[in-house]
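Visitor: Below is the sequence, then the predicted model.
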Amino acid sequence: MGTAIRKNAVLPLAALLFAIPAAATVIDPSLVETRLLTGFSPQVTGMAWAPDGSNRLFVIDKTGLVILVQMGVDANGALNATRLATPFTTLLREDGGPLYQQVECGLVGIVFDPSFATNGFVYFRATVSPTEQQILRFRDAGGVGVDRTVILAGLPARDSHLSGGMAFDHDGKLRFAIGDLGFGTRVGTFRPSGDVQAELSTLASKSSRINRDGTIPKDNPFFDGPGPNADAIYARGFRNPFRMAVQPSTGLVWQIVTGAKWEQVFILRPGVNAGWDTLENDEDGQPGLITPVIAYLTNAGTPGHVRPITAASRAAGIATFTTAAAHQFRRGARLTIAGVSDASFNGTAYLKSVVSTTQFTVASEGGDASATGGAAIALTIGGAITDGAFVQGTLFPEDWQGNFVFVDLNSGNVVRAILDETNEPTRVDLAANVQAGAVGVNIGPDGALYVLNIFLGNLDRYSPPAARAPRLVVDRTPLRVEDGGSAVLSVRLARAPVGNVTVGTSISGAPEATVTAGSTLTFTPANWQLPQPIAVAAARDPDADDSTATLTLSAEGLSPLTVPVLVRDVDIQALTVSASSLDLVAGGAVGSFDVRLARAPAADTTVTVARTSGSDRISIASGVTLTFTPANFGTPQRVTVVAIAGGDAQPSTAVLTVSSADAQSRTVNVVASAALPTEPPLRPLSPISGGSGGCSSGPAASLWAVLALLALRSRRGHVRGS
């Protein structure tokens, strides 16, 4: 983050240099605000609702703490939230030490597996050292995180601009982004005449795409295998790509970028370039560069984002304005037009189209006319865009459906962008303000908007007023289910019923899709607001085609609600290996690692382990062939490795390859150090003789040799996690 307030999220509120409301404020009259919970630490960095029907919110703290919040209802049927006493986990380094937490570092990202309802997998981004980030995965076991697995290690880091956002796209790929590492380093940034290879050799300043097991898809735009590119790169040229959101209707990833002079949101496609650090919201007309779909001036202050107008004309209700300099307005921007020689041009309007860098249009009432002078002033939004989400489900009215809502840390503004059929904004305007510190925005299982404040420690809920007529509410539509997995639709009522309401569920269409839980739901005047789950599972099928089904919800006296179910034939199998390397002592203790499958196979699957290169002194003692079934796929199976002593004191190395016909191979690097003597020869120590500046090779040196041998002995069988 570029300004003082954005360098460290634990700054005191006194550091804020602009006026903010004294309390949370609703600006859009179609919203109702509820403060659901308070008391979070001033180090919370994000949140995500578990998509399994449990009504749990996961809140992450930069210290590594993962807090669980349980949604419920009180005796009067009002929604409430309780912070659970037992955290999901506290992320630590592999050696058990705390995460590196300077400035923007620590636990900074969370995302749930698309099949979380089946596999319980949740992924985190954490800084483990001043120079390294990792993506880690845990499995939810009754509200406790187990099976810590490093999915991707060695990601670049420094104290600033390392971002943290992650998301799963509709292809089941894990997306993440890393900034330019801040403090003037600007690693991996774009230069029009610079060294493109140097830019592509690092994941810094990039948005990336990987398989969920950490391997790299070969269809990534810069994938070159053994070549010099960082194969995970999907898009480039970003300063601090803080968060991302996947658009439910299109599957497109919207990349949220915290800026130096401009806050920007980009729609990503393979290989696109956003131009940082050469360009920022002035990419128009530049070959090979994309322009932001949303942009606003960072900490605009006074006078703000102002552009003098040289000419104005109106025809058929559309006014065209010409500016003296590049206006840098984007579609949907709220503008105040003032001081034009013909006052009929003045007023508030939303930008309709960008004609050129110096011309734009707005809708304008009045007859055809022309004028000169005046200025266009953009709405002041804030200075650090931090998160965004798409409104989905059926709680909000139709004019909110598909809207993109984002929050700004510095101002605390909650901003609503209404999109048209071309996927561009028609109106970008303020919806609410939560005071400075807005760090996260999410759609909850009840379909409402939730905003997390890092400075005040508040969780606020925004929803439309209670419905006038009773109806069914779902948290998403369509429901996406991966082949071989399951997903949950959360259901509630729009208003309190007079008596109990029974909701029945049926599914038709794709034969592999079935309702496995929630075929009948009962809502009462006391629990009508609390979402209840309907679980839909998709059995594995032999083809690789997607399929569709229709889920129908019905209740007496209510209009039936149909929800499309999209079954995605991802067919991604992966091998999970507990270690990427082993350290052995030749002739000494054996080493081992565990192997399992990431998802249930359609049939019994054979996994083989073989030495594919290196010394024949290293061999596999057991686990050469492993068999996994649909029933035991997640149970780890052990591979044991031994190293025999050689005739010299040189270490032996080998590469073991774990492979299956249905998954990408994994490798384990083995190093076997020379065998230790059974009884190290110790000579009686004599007093160390004097001398200055020299090294003794006598008795004193033998003491260091013994200590070194003892240290080596302690490494027998030591495993380094992946």
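Guide: Arrived safely.

Visitor: Verify the contact between Gln637 and Val595 for me.
Guide: Yes - counting by Cβ atoms under 8 Å, Gln637 touches Val595, with 5.6 Å between them. Backbone N, C-alpha and C define where each C-beta goes, glycine included.

Visitor: Now for those two: what residues contact both?
Guide: Residues within reach of Gln637 and of Val595 at once, by Cβ atoms under 8 Å, 6 or more residues apart in numbering, are 623, 626.

Visitor: Between these two, point out the one with more neighbours.
Guide: Neighbour totals were compared for Gln637 and Val595, and Val595 leads with 21 against 16 (other Cβ atoms under 10 Å).

Visitor: and the helix or strand hosting that one, what other elements does it pack with?
Guide: Val595 is part of strand 591-597 when elements are defined by DSSP states H and E. Identification of packing neighbours for strand 591-597 by 3 or more Cβ pairs under 8 Å, 6 or more residues apart in numbering; DSSP states H and E yields strand 575-577, strand 579-585, strand 605-614, strand 625-628, strand 637-643, strand 663-673, strand 719-721.

Visitor: Pull up the pairing partners for it, direction included.
Guide: Strand 591-597 pairs in its sheet with strand 575-577 (antiparallel), strand 637-643 (antiparallel), by DSSP bridges.

Visitor: Output these as TSV; include the columns distance to Arg191 and mean pLDDT.
Guide: Shown next, in TSV, are those (distance: least, Cβ to Cβ, whole Å; pLDDT from 0 to 100):
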stretch	distance to Arg191	mean pLDDT
strand 575-577	39	89
strand 637-643	47	95
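
Visitor: Quick check: bridge partners of Val306?
Guide: Going by DSSP bridges, Val306 forms beta bridges with Ile377.

Visitor: now it: how far from Ala338?
Guide: For Val306, the distance to Ala338 (Cβ to Cβ, to the nearest Å) stands at 10 Å.

Visitor: In PDB, list the C-alpha atoms belonging to stretch 447-462.
Guide: Output of stretch 447-462 as PDB, limited to C-alpha atoms (Å, rounded to 0.1, in the frame of the first residue of the first chain):
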ATOM      1  CA  GLY A 447     -27.300 -13.800   1.000                       C
ATOM      2  CA  ALA A 448     -26.400 -10.600   2.800                       C
ATOM      3  CA  LEU A 449     -23.200  -8.500   2.400                       C
ATOM      4  CA  TYR A 450     -20.700  -8.600   5.300                       C
ATOM      5  CA  VAL A 451     -17.900  -6.100   5.800                       C
ATOM      6  CA  LEU A 452     -14.900  -6.600   8.200                       C
ATOM      7  CA  ASN A 453     -13.100  -3.600   9.700                       C
ATOM      8  CA  ILE A 454      -9.500  -4.100  10.800                       C
ATOM      9  CA  PHE A 455      -9.200  -0.900  12.800                       C
ATOM     10  CA  LEU A 456     -12.400  -1.100  14.700                       C
ATOM     11  CA  GLY A 457     -12.700  -4.900  14.900                       C
ATOM     12  CA  ASN A 458     -16.300  -4.800  13.700                       C
ATOM     13  CA  LEU A 459     -18.400  -7.200  11.500                       C
ATOM     14  CA  ASP A 460     -21.300  -5.300   9.800                       C
ATOM     15  CA  ARG A 461     -24.100  -6.900   7.800                       C
ATOM     16  CA  TYR A 462     -25.900  -5.100   5.000                       C
END
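
Visitor: Centre of the chain to it, how far?
Guide: In terms of Cα atoms, centre = their mean, to the nearest Å, the centre of stretch 447-462 is found 18 Å from the chain centre.

Visitor: Out of the strands paired with strand 591-597, which is closest to Val405?
Guide: strand 575-577 (36.0 Å; Cβ to Cβ).

Visitor: measure Asn220 to Thr127 for me?
Guide: Taken as Cβ to Cβ, the span from Asn220 to Thr127 is 24 Å.

Visitor: The two: who's more crowded?
Guide: The neighbour count for Asn220 versus Thr127, taken as other Cβ under 10 Å, is higher for Thr127 (28 against 20).

Visitor: so where do the strands sit in the stretch 301-450 of the chain?
Guide: 306-315, 318-323, 334-338, 347-356, 359-363, 369-371, 375-378, 385-390, 404-408, 413-419, 425-433, 438-443, 449-453 (DSSP state E, counting those that start in this stretch).

Visitor: Name the single longest strand found in the protein.
Guide: Counting by DSSP state E, the longest strand found in the chain is strand 144-156.

Visitor: who does that one pair up with?
Guide: strand 132-141 (antiparallel).

Visitor: Can you mark which positions in the strand it pairs with are buried?
Guide: 133-140 (16 or more other Cβ atoms under 10 Å).

Visitor: model confidence over it, on average?
Guide: Throughout strand 132-141, pLDDT has a mean value of 98.

Visitor: got it, and stretch 252-266?
Guide: pLDDT averaged over stretch 252-266 gives 97.

Visitor: Point out the most buried one among the strands paired with strand 591-597.
Guide: Each of the strands paired with strand 591-597 was scored by mean neighbour count; the highest is strand 575-577, a mean of 22, by mean count of other Cβ atoms under 10 Å.

Visitor: What about Ser341, how many residues nearby?
Guide: Residues near Ser341, counting by other Cβ under 10 Å, number 13.

Visitor: Do a quick rundown of the strands in the stretch 1-150 of the chain.
Guide: Here the stretch 1-150 of the chain has its strands, by DSSP E, counting those that start in this stretch, at 25-26, 32-37, 44-49, 56-61, 65-73, 79-83, 89-90, 107-112, 121-129, 132-141, 144-156.

Visitor: could you dump those strands to a markdown table with distance to Gly366?
Guide: Compiled in a markdown table, those are given as follows (distance: least, Cβ to Cβ, whole Å):
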| stretch | distance to Gly366 |
| --- | --- |
| strand 25-26 | 33 |
| strand 32-37 | 37 |
| strand 44-49 | 47 |
| strand 56-61 | 50 |
| strand 65-73 | 50 |
| strand 79-83 | 47 |
| strand 89-90 | 62 |
| strand 107-112 | 50 |
| strand 121-129 | 52 |
| strand 132-141 | 55 |
| strand 144-156 | 55 |
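
Visitor: Alright, calling it a day.
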